[in-house]
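S.K.: Turn this into a model:
(4 chains)
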Protein chains: 4
Amino acid sequence: MDIAQLQAALATYFAPWVQALGLVVEQADDDGVQLRLPQQAQLAREGGMVCGQAMMAAADTGMVLALMQHWGTFKPCTTVQMNTSFLKPLAGQDGIVQARVIRVGKSLAFGEIDIRGANDQRSVCRASTTYALL
Amino acid sequence: MDIAQLQAALATYFAPWVQALGLVVEQADDDGVQLRLPQQAQLAREGGMVCGQAMMAAADTGMVLALMQHWGTFKPCTTVQMNTSFLKPLAGQDGIVQARVIRVGKSLAFGEIDIRGANDQRSVCRASTTYALL
Amino acid sequence: MDIAQLQAALATYFAPWVQALGLVVEQADDDGVQLRLPQQAQLAREGGMVCGQAMMAAADTGMVLALMQHWGTFKPCTTVQMNTSFLKPLAGQDGIVQARVIRVGKSLAFGEIDIRGANDQRSVCRASTTYALL
Amino acid sequence: MDIAQLQAALATYFAPWVQALGLVVEQADDDGVQLRLPQQAQLAREGGMVCGQAMMAAADTGMVLALMQHWGTFKPCTTVQMNTSFLKPLAGQDGIVQARVIRVGKSLAFGEIDIRGANDQRSVCRASTTYALL
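M.R.: Predicted structure coming up:
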């Protein structure tokens, strides 16, 4: 699936509230899928920092797209578990969400997500996820 | 802090996108803070299931309120880590988010969150979190 | 399965290095399986605190026994994921490991483990786990 | 700290039960610390697979050494949280444990660990950890 197809999938398979994150698919290649999480006032807490809730939602969403890219199509799957670490605040810049498929088995898939600042390229958030294929 | 104060804190300390979840504080007592996550089309994926991103956001938000209740006031803190397990889908009913403070130390606080169906009372999501006091 | 059968399972299904923890099955009832992790010099770091590695191993082991109790027999399954939080040190006392099955589906099972001090009854470690049925 | 110093630290700072894993420090460089987890009957469950408990213990231990390498010395710290995903079984070969420091702040440090088969170089286990500096 190419960038345009993945961007279209964002509008098809995700809840409107998730779409409100404004995620933009920027790359889709052997290193997984890369999305931009645009800086927006509605995602910021006091102090201008992007809220952690938005980063978790972007990470999970990025991973679903990375699985679609891996399979070349949408397959029904469900997030079983996600663990997220918040390394430092993200403020005053977009976030870049890099989602990588680590392993896909018959019934389970594993992925890892890194979110970094678009300007300073510093990692701010790491997540690991498990998906069950339905 | 009573229910009204915690509800007011939701409008003060959280990003507008988090406020769009429509969380309602329903209880605040020795068992922590309980919120209602109302069923809404904007939170649902195809098939009417509440998206996991909304449950993670509700869990994290509930825990911040439970810490405020514990301290009796807002204190600056940041989510260090959150781990979420999705046990079964939530569909066709509101969610009840129960956030409990497990331990508060000098620099770290730990909490656990359960989300269950408001109608069938079955647990759909469990999360554990670590917060750093700033 | 009763306490004696679960204790026997510890010697049958677990690696010798895990058996060296000296876990003792103390209860098996509707609240899951309870094990004692005896205080031992070989499990302690400098300062006499039980090492976190031993607590993670005890938690995972306790959960496998809790699943056996749930099913009434051993079924092949594998740990997919375990998340552990260390709340405070455990020192100068045995640990009590309480493993509870949270949900068992067709292909996945979820559990939660609490480890507390046998003397002061204070929780020192919490874990949540996901198992895949093979 | 060089390989010999890190190997010596294994005998100084870790519980005897952890030392029984037989971990061997093989590299220590800009990519963190690499340990070998030797294949041993005492670490295997029925079927010859290395038990998950041993992989979690090796991952946590590797990360403490990676932090020592980062600081150039031992500093008192404690594991706050560790999340481990088990991707596939490890059997019939040693494990290679690669521990990387992701971020070190004033009071918290974050790390990631990958365990792969020494022969087939395939990743079998991923862990992410949070440490608190005391």
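
S.K.: Just the strands from chain A, written as ranges.
M.R.: In chain A, the strands defined using DSSP state E lie at A:24-29, A:32-37, A:77-86, A:95-104, A:108-117, A:123-133.

S.K.: will you turn those into CSV that also has distance to C:V64?
M.R.: Heads up, the C-betas are built off the backbone N, CA and C, glycines and all. Supplementary listing: the strands of chain A in CSV, determined by distance: least, Cβ to Cβ, whole Å:
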stretch, distance to C:V64
strand A:24-29, 40
strand A:32-37, 33
strand A:77-86, 18
strand A:95-104, 22
strand A:108-117, 18
strand A:123-133, 18
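
S.K.: Would you format these as a markdown table with mean pLDDT, mean neighbour count and distance to chain B included?
M.R.: Written out in a markdown table, the entries for those read as follows (pLDDT from 0 to 100; neighbours: other Cβ atoms under 10 Å in any protein chain shown; distance: least, Cβ to the nearest Cβ, whole Å):
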| stretch | mean pLDDT | mean neighbour count | distance to chain B |
| --- | --- | --- | --- |
| strand A:24-29 | 97 | 16 | 16 |
| strand A:32-37 | 98 | 24 | 11 |
| strand A:77-86 | 96 | 24 | 4 |
| strand A:95-104 | 98 | 21 | 13 |
| strand A:108-117 | 98 | 23 | 13 |
| strand A:123-133 | 97 | 23 | 9 |
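
S.K.: nearest to B:C125, of these?
M.R.: Among the strands of chain A, strand A:77-86 comes nearest to B:C125, with 10.1 Å by Cβ to Cβ.

S.K.: what sits against A:A127?
M.R.: Contacts of A:A127 were listed using Cβ atoms under 8 Å, 6 or more residues apart in numbering or on different chains, and they are A:M56, A:A59, A:D60, A:M63, A:M82, A:N83, A:T84, A:S85, A:E112, A:I113, A:I115.

S.K.: so which of the residues you listed comes closest to B:D29?
M.R.: In terms of Cβ to Cβ, no member of these lies closer to B:D29 than A:M56, at 27.6 Å.

S.K.: separation between the residue lying closest to A:E26 once chain neighbours are set aside and A:R116?
M.R.: For A:E26, ignoring the flanking residues on the chain, the nearest one in space by Cβ to Cβ, 6 or more residues apart in numbering or on different chains is A:Q34 at 4.9 Å. Counting by Cβ to Cβ, to the nearest Å, the gap between A:Q34 and A:R116 amounts to 10 Å.

S.K.: okay, and the common contacts of the two?
M.R.: Where contact means Cβ under 8 Å, 6+ apart, the residues bridging A:Q34 and A:R116 through contact with each are A:I96, A:Q98.

S.K.: circling back to that earlier point, any idea which of the strands of chain A gets closest to C:E46?
M.R.: When the strands of chain A are compared by Cβ to Cβ, strand A:77-86 sits nearest C:E46, at 27.5 Å.

S.K.: Could you list every helix and strand in contact with the closest one?
M.R.: Using 3 or more Cβ pairs under 8 Å, 6 or more residues apart in numbering or on different chains; DSSP states H and E as the contact definition, the elements that strand A:77-86 packs against are helix A:52-71, strand A:123-133, helix B:52-71, strand B:77-86, strand C:77-86, strand D:123-133.

S.K.: Tell me the strands beside that strand, with direction?
M.R.: Sheet pairing here is set by DSSP bridges, and for strand A:77-86 it gives strand A:123-133 (antiparallel), strand B:77-86 (antiparallel).

S.K.: related to what we said a few turns ago, wait, isn't the residue nearest to A:E26 in contact with A:V97?
M.R.: Yes: with contact defined as Cβ atoms under 8 Å, A:Q34 reaches A:V97; the gap is 6.8 Å.

S.K.: picking up where we left off before, please tabulate the strands paired with strand A:77-86 in TSV, including the columns distance to A:L23.
M.R.: Compiled in TSV, the strands paired with strand A:77-86 are given as follows (distance: least, Cβ to Cβ, whole Å):
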stretch	distance to A:L23
strand A:123-133	14
strand B:77-86	20
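
S.K.: Neighbours of A:N119, how many?
M.R.: For A:N119, the count of nearby residues is 10 (other Cβ atoms under 10 Å in any protein chain shown).

S.K.: who's in contact with it?
M.R.: The contact partners of A:N119, by Cβ under 8 Å, 6+ apart, come to A:G92, A:Q93, A:D94.

S.K.: Now the second one: phi and psi?
M.R.: Read it as A:Q93. The phi and psi values for A:Q93, taken as degrees, to the nearest 10, are phi -160, psi 160.

S.K.: How about it, nearest residue that isn't a chain neighbour?
M.R.: Counting by Cβ to Cβ, 6+ apart, A:N119 is the residue found nearest to A:Q93 once chain neighbours are left out, at 4.2 Å.

S.K.: just to revisit the earlier point, relative to A:T78, which of the helices and strands packed on strand A:77-86 is closest?
M.R.: If you check each of these against A:T78 by Cβ to Cβ, strand A:123-133 wins as the nearest, at 5.4 Å.

S.K.: picking that back up, how close does the residue nearest to A:E26 sit to A:Q19?
M.R.: Shown here: A:Q34 relative to A:Q19, a distance of 18 Å by Cβ to Cβ.

S.K.: Ok, A:I115 next?
M.R.: Here the distance between A:I115 and A:Q19 works out to 18 Å (Cβ to Cβ).

S.K.: ok so, going back, which among the contacts of A:N119 end up buried?
M.R.: Neighbour counting with 16 or more other Cβ atoms under 10 Å in any protein chain shown marks A:Q93, A:D94 as buried within the contacts of A:N119.

S.K.: Using a markdown table, please lay out the contacts of A:N119 together with distance to D:Q42.
M.R.: Listed next are the contacts of A:N119 as a markdown table, based on distance: Cβ to Cβ, whole Å:
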| residue | distance to D:Q42 |
| --- | --- |
| A:G92 | 53 |
| A:Q93 | 51 |
| A:D94 | 51 |
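
S.K.: Tabulate the contacts of A:N119 (TSV), appending pLDDT and distance to A:A44.
M.R.: Listed next are the contacts of A:N119 as TSV, based on pLDDT from 0 to 100; distance: Cβ to Cβ, whole Å:
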residue	pLDDT	distance to A:A44
A:G92	95	10
A:Q93	97	12
A:D94	98	12
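
S.K.: any idea which of the contacts of A:N119 is closest to D:L6?
M.R.: Proximity of the contacts of A:N119 to D:L6 (Cβ to Cβ) peaks at A:Q93, which lies at 37.1 Å.

S.K.: Go ahead and confirm the closest one touches A:Q39.
M.R.: Yes: A:Q93 lies in contact with A:Q39 (Cβ under 8 Å); the separation is 6.3 Å.

S.K.: got the residues of chain A near chain D?
M.R.: Where proximity means Cβ under 8 Å from any Cβ of the partner chain, the interface of chain A facing chain D comprises A:83, A:85, A:87-88, A:102-103, A:105, A:110, A:112, A:123, A:126, A:128, A:130.

S.K.: again, 10 Å this time
M.R.: For chain A, the residues in contact with chain D (Cβ under 10 Å from any Cβ of the partner chain) are A:81-88, A:102-103, A:105, A:108, A:110-112, A:114, A:122-124, A:126-130.

S.K.: Please name the residues that touch A:L67.
M.R.: When the contact criterion is Cβ atoms under 10 Å, 6 or more residues apart in numbering or on different chains, the partners of A:L67 are A:32-33, A:74-75, A:77, A:99, A:101, A:104, A:109, A:111, A:129, A:131, A:133.

S.K.: Give me the pLDDT for it.
M.R.: A:L67 carries a pLDDT score of 97 in this model.

S.K.: For the nearest residue to A:K75 once chain neighbours are set aside, name its beta-bridge partners.
M.R.: Closest residue to A:K75 apart from its sequence neighbours, by Cβ to Cβ, 6+ apart: A:L133 at 6.4 Å. On DSSP bridges, the residues paired with A:L133 through beta bridges are A:C77.
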